[in-house]
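**Student:** have a look; sequence and predicted model below, questions after that.
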Amino acid sequence: MALRHFLTLNDLSPAELDHVIARAIELKAEHRERRQGVQFPNYVLGMIFEKASTRTRISFEAGIAQFGGHAIFLSPRDTQLGRGEPTEDSARVISSMCDIVMIRTFEHSIIEKFAEYSSVPVINALTDDYHPCQLLADIQTFVEHRGSIKGKQVTWVGDGNNMCQSYINAAIQFDFKLKIACPEGFDPRADLVEAAGDRVEIIRDPAEAAKGSDLLVTDVWASMGQEEEKAERRRKLAGYQINAELMSHANPDALYMHCLPAKRGEEISAELMDSPDTVIWDEAENRLHAQKALMEFLLTQ
Ligand code: CP
Ligand code: NVA
């Protein structure tokens, strides 16, 4: 068996990513109709959370349980991880007892180091730089509502954060055009933008960036770990909100997404959040199905 990790979307080929999305849609139907198989009885998923979570924790824990397995929630507060045990030692030990591990942490280099020393697949459940699991759910949601995302235009609105940077990876892997509307000082990493070539463009004016778009996406202005910058970010990112006015510049059937948790009245209007037409709740639910497809893929390599 080949050991595969999912630290960014680049760890899977475009064909493998398409397979995971198609499988997520199948697993969703199987789950809804109560005809799902128990693919991984007695498998154990280790879940390391150094940051808070609702969706990620529930979706991974429910997902492995539905496969017949079990999850162990590991918080730095109650383990030696929080007392400075080296990442490589933790990785060796945890991976010797678990079949697969997911990690939500700060610096991306932590998860890279963990993966280097792990004997089982490691999944990035969010780092300061990337949130690839959320992208699987977002792409699944787009495919379910609008068909293939290949050749479409996506507009990112707001902070050039971990979600935005995973959208840059997705633009390459799923072959769509990404326009990023962010104020100066909030750009995603320059090396990522440069490597994406003409797939990715930074445009300061959100209305201009929304023109011709099939999907608008945003996220909180202050990510976890940036709590002290909240007020300054609110001031500098004002004007980068997804609302009905901004949607009027996009294609008439454009969707909008938000990974959640959301701040109504900041990066997204309350009107759009609470619209009966929003796909945001499907997007959240799809975390479950997309990650089950991902775990199945990694555990069967
Ligand atoms: N979108 C997302 O990852 O949500 P949580 O922080 O609740 O896991
Ligand atoms: N950018 C956000 C995403 C939360 C799911 C954060 O890192 O806090």
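**Tutor:** On my side now, so go ahead. Ligands and ions are numbered 1, 2, ... in the order given.

**Student:** CA only for contacts and neighbour counts going forward, please
**Tutor:** Fine.

**Student:** contacts only, for whichever residue of the stretch 201-301 of the chain sits closest to ligand 1.
**Tutor:** As assessed by CA to the nearest ligand atom, ligand 1 sits closest to residue 259 within the stretch 201-301 of the chain, at 4.3 Å. Each residue near residue 259 by CA atoms under 8 Å, 6 or more residues apart in numbering is listed here: 134, 218-219, 280, 283-284.

**Student:** residue 264 bridge partners, please.
**Tutor:** Note on residue 264: beta-bridge partners residue 268, judged by DSSP bridges.

**Student:** buried residues in stretch 58-74, which are they?
**Tutor:** For stretch 58-74, the neighbour count (16 or more other CA atoms under 10 Å) marks 59-71, 74 as buried.

**Student:** typo on my end, stretch 16-26
**Tutor:** Buried residues in stretch 16-26, counted by 16+ other CA under 10 Å: 17-18, 20-26.

**Student:** for the residue of the stretch 201-301 of the chain closest to ligand 1, what are phi and psi?
**Tutor:** phi -70, psi -20 (degrees, to the nearest 10).

**Student:** now do the one 10 residues further on
**Tutor:** Per-residue torsions, residue 269: phi -80, psi 150 (degrees, to the nearest 10).

**Student:** who's in contact with it?
**Tutor:** Neighbouring residues of residue 269 by CA under 8 Å, 6+ apart: 241-244.

**Student:** highest neighbour count among those residues?
**Tutor:** Neighbour counts for the contacts of residue 269 (other CA atoms under 10 Å) peak at residue 242, which has 29 neighbours.

**Student:** report the contact partners of that one.
**Tutor:** Contacts for residue 242 (CA under 8 Å, 6+ apart) come out as 157, 216-218, 267-269, 272.

**Student:** what sits against the most centrally placed residue in the chain?
**Tutor:** In the chain, the residue lying closest to the centroid (CA atoms, centre = their mean) is residue 134, at 2.1 Å. Neighbour list for residue 134: 163, 259, 287 [criterion: CA under 8 Å, 6+ apart].

**Student:** what sits against the last one?
**Tutor:** When the contact criterion is CA under 8 Å, 6+ apart, the partners of residue 287 are 55-56, 59, 133-134, 136-137.

**Student:** filtering the residues you listed by proximity to ligand 1, which remain?
**Tutor:** Contacts with ligand 1 within the contacts of residue 287, counted by CA under 6 Å from any ligand atom: 55-56.

**Student:** and the chain, which residues reach ligand 2?
**Tutor:** Going by CA under 6 Å from any ligand atom, the residues of the chain near ligand 2 are 161-163, 223-224, 259-260.

**Student:** which of those residues fall in helices?
**Tutor:** If you go by DSSP state H, the residues of the chain next to ligand 2 have 162-163 in helices.

**Student:** would you reformat the residues of the chain next to ligand 2 as CSV and include pLDDT?
**Tutor:** CSV is the format used below for these (pLDDT from 0 to 100):
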residue, pLDDT
161, 98
162, 98
163, 99
223, 98
224, 98
259, 98
260, 98
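
**Student:** so for residue 1, what pLDDT did the model give?
**Tutor:** Looking at residue 1, its pLDDT reads 71.

**Student:** all further residue positions should be reported with the first residue as 22.
**Tutor:** Yes, from this point I'll number from 22; that puts the last item at residue 22.

**Student:** the nearest residue to it once chain neighbours are set aside: neighbour count?
**Tutor:** Using CA to CA, 6 or more residues apart in numbering and skipping the chain neighbours, the partner closest in space to residue 22 is residue 322 (5.6 Å). Residue 322 has 10 neighbours, counted by other CA under 10 Å.

**Student:** so residue 322 makes contact with residue 24?
**Tutor:** Yes. Residue 322 lies in contact with residue 24 (CA atoms under 8 Å); the separation is 7.1 Å.

**Student:** circling back: could you dump the buried residues of stretch 79-95 to JSON lines with secondary structure and pLDDT?
**Tutor:** Shown next, in JSON lines, are these (DSSP: H, G, I helix; E, B strand; the rest coil; pLDDT from 0 to 100):
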{"residue": "80", "secondary structure": "helix", "pLDDT": "98"}
{"residue": "81", "secondary structure": "helix", "pLDDT": "99"}
{"residue": "82", "secondary structure": "helix", "pLDDT": "98"}
{"residue": "83", "secondary structure": "helix", "pLDDT": "98"}
{"residue": "84", "secondary structure": "helix", "pLDDT": "98"}
{"residue": "85", "secondary structure": "helix", "pLDDT": "98"}
{"residue": "86", "secondary structure": "helix", "pLDDT": "98"}
{"residue": "87", "secondary structure": "helix", "pLDDT": "98"}
{"residue": "88", "secondary structure": "coil", "pLDDT": "98"}
{"residue": "89", "secondary structure": "coil", "pLDDT": "98"}
{"residue": "90", "secondary structure": "coil", "pLDDT": "98"}
{"residue": "91", "secondary structure": "strand", "pLDDT": "98"}
{"residue": "92", "secondary structure": "strand", "pLDDT": "98"}
{"residue": "95", "secondary structure": "strand", "pLDDT": "97"}
